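*Asks:* Any chance you could fold what I've pasted below:
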Amino acid sequence: MTRIFALLALVTLAACGTGTLPARQAALATASGARGVLDSATGQPGESAQGLPGESAQGLPGESAQGLPGESAQGLPGESAQGLPGASFACPGVPPAGTAGCTLAVNTNAVPIPNPNLSPALIPGFQPADLQNAYGLPAGAPGTVVAIVDAYDDPTAESDLAVYRTAFGLPACSSANGCFRKVNQRGSSASYPAPNTGWSAEIALDLDMVSAACPQCSIVLVEADSALLDDLGASVDTAVGLGARAVSNSYYAVEWGNQSVEDAHYRHDGVAITASSGDRGYPSYPAAAATVTSVGGTSLSRGGSGWSETGWKYTGHGCSQYVHRPWFQQRLRCNTRSSVDVAVVADPQTGVATFSTPGGGWYVAGGTSVGAPLIAAAYALSGRPSGPAFSYQRWQSFHAVDGAGYHALTGIGSPNGLAGL
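*Replies:* Take a look at the predicted model:
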């Protein structure tokens, strides 16, 4: 397990140079007495600015951008065959180059409950009211169109969405009332790709999280032919063409040298594009794209004094291998794009309630999959869907996580209402 925890430092944060910031970066550099946005000089406990003992900018000895030694489709070394301790990956293993894996982690300590009519009091995991309260989201506000992009088909997507929304008293969102639409990557409802159990569970979670954050939003589900980035990127373009103002991408691919060929799919003026930062510790694509709001993960808990969060240690994070440092991150320690912008709950042990027939019914879900659709829905609520630069200029509107102004796992923090989105 030592090597797993060391995943936090797979890509070391390097010290940035000093110099004069452009005027548009001044909000990041000033504000007397306010919390700063510099990454912690020490990082994780026991870690220095140079990383863990014996570590280099490339990671731990024997590590690479593709993962840890001995990693396989069954999980990380020392983990169970299901993946994370106490959880299972819906899409296990490291995806091949140019291909994405979903980022859903299911809490295996909470046995799925198949009853679709279960009382809300008996449904495990955080529910819509919890998430709205934790992140200051106005439940009754109108929203715009949010698109969910995932691979393969979920045959029960609409019926499972109805179960979730009915259970928690959310307004109906169906193809009959025009709130929900499901299409393939060409925008057609005439045929869908092949079904896939893992991706079906991912789709169900994404639909539920948009519903939880923005019950009044309309939802377009675009199902890519496959998990190839070419297909997923084409699906993002389709989603924008169908009127989506925010597009959620709950998947990750291992960075590769030619990834910029996909960037155009994730760059649409006036549309917020969100992506999960991944669940294997290292930076991933499309989260690392400069125009994408990359959503990392936290462990969320509620006590007598309210909500508290800490960074989730499996969050994909660190300095991109290939993406230049964007202007809005000039004050950070990475010399390239730091791969997390904001964060919400991702720890499956403090996860969210979701319903998926292929997944076995009601269960507790986590992974950075939770964050991409939730933040996309928050953008839709804000009425000004934008990109990460807007949030960095308004970092005071986010909850600091782990006491840092910027943290590699959680970026500038978790939402505190909509002012930063």
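*Asks:* Kindly list the longest helix within the chain.
*Replies:* The helix that spans the most residues within the chain, counting by DSSP state H, is helix 197-213.
*Asks:* what element comes up after it heading to the C-terminus?
*Replies:* Moving toward the C-terminus from helix 197-213, the next helix or strand (DSSP states H and E) is strand 218-224.
*Asks:* Can you give the contact residues for that next one?
*Replies:* Residues outside strand 218-224 that contact it (C-beta atoms under 8 Å, 6 or more residues apart in numbering) are 143-154, 157, 161, 173, 178-185, 187, 192-193, 203, 207, 210-211, 231-232, 234-236, 238-239, 242-244. The way it works is simple: take the backbone N, C-alpha and C, and place the C-beta from them, glycine included.
*Asks:* What average pLDDT does that strand get?
*Replies:* Strand 218-224 carries an average pLDDT of 98.
*Asks:* Point to the residue nearest the middle of this protein.
*Replies:* Ser276 (2.7 Å; C-alpha atoms, centre = their mean).
*Asks:* That one and Thr103 touch, don't they?
*Replies:* Yes. Assessed by C-beta atoms under 8 Å, Ser276 is found in contact with Thr103 at 4.1 Å.
*Asks:* what do those two both touch?
*Replies:* Listed as contacting both Ser276 and Thr103 by C-beta under 8 Å, 6+ apart are 250-252, 367-369, 372.
*Asks:* returning to that earlier point: narrow the contacts of strand 218-224 to those in strands?
*Replies:* 145-151, 180-184 (DSSP state E).
*Asks:* For the stretch 301-421 of the chain, which segments are assigned as helices?
*Replies:* All helices of the stretch 301-421 of the chain, identified by DSSP state H, counting those that start in this stretch, fall at 371-382, 388-392.
*Asks:* so which of those comes closest to Asp402?
*Replies:* Comparing the helices of the stretch 301-421 of the chain by their distance to Asp402 (C-beta to C-beta), the top pick is helix 371-382, with 16.4 Å.
*Asks:* State the mean pLDDT of the closest one.
*Replies:* In this model, helix 371-382 has an average pLDDT of 97.
*Asks:* which secondary structure elements does that helix contact?
*Replies:* Counting contacts by 3 or more C-beta pairs under 8 Å, 6 or more residues apart in numbering; DSSP states H and E, helix 371-382 packs against helix 128-135, strand 145-151, helix 197-213, strand 246-249, strand 272-276, strand 293-303, strand 342-345.
*Asks:* how does it look with 7 Å?
*Replies:* Packed against helix 371-382 by the contact rule (3 or more C-beta pairs under 7 Å, 6 or more residues apart in numbering; DSSP states H and E) you find strand 145-151, helix 197-213, strand 246-249, strand 272-276, strand 293-303, strand 342-345.
*Asks:* can you pull the buried residues of the fifth one?
*Replies:* In this case it means strand 293-303. By neighbour count on 16 or more other C-beta atoms under 10 Å, the buried set for strand 293-303 is 293-300.
*Asks:* Also the fourth one?
*Replies:* Within strand 272-276, the residues that qualify as buried are 272-276, counting by 16+ other C-beta under 10 Å.
*Asks:* Looking at those residues, which one is closest to Gly98?
*Replies:* Among the buried residues of strand 272-276, Ala275 lies closest to Gly98 (C-beta to C-beta), at 15.9 Å.
*Asks:* ok, that closest one touching Ala372?
*Replies:* Yes. Ala275 lies in contact with Ala372 (C-beta atoms under 7 Å); the separation is 5.6 Å.
*Asks:* and for those two, which residues touch both?
*Replies:* Common neighbours of Ala275 and Ala372, using C-beta atoms under 7 Å, 6 or more residues apart in numbering, are 249, 295.
*Asks:* where does the stretch 1-150 of the chain dip in pLDDT?
*Replies:* Scanning the stretch 1-150 of the chain for pLDDT under 70 picks out 1-83.
*Asks:* Please repeat the previous calculation with a cut-off of 80.
*Replies:* 1-84 (pLDDT under 80).
*Asks:* List the beta-bridge partners for the residue nearest to the centre of the chain.
*Replies:* With DSSP bridges applied, Ser276 shows beta-bridge pairing to Val295.
*Asks:* quick one: it from Gly417, how far?
*Replies:* The gap separating Ser276 from Gly417 is 22 Å, by C-beta to C-beta, to the nearest Å.
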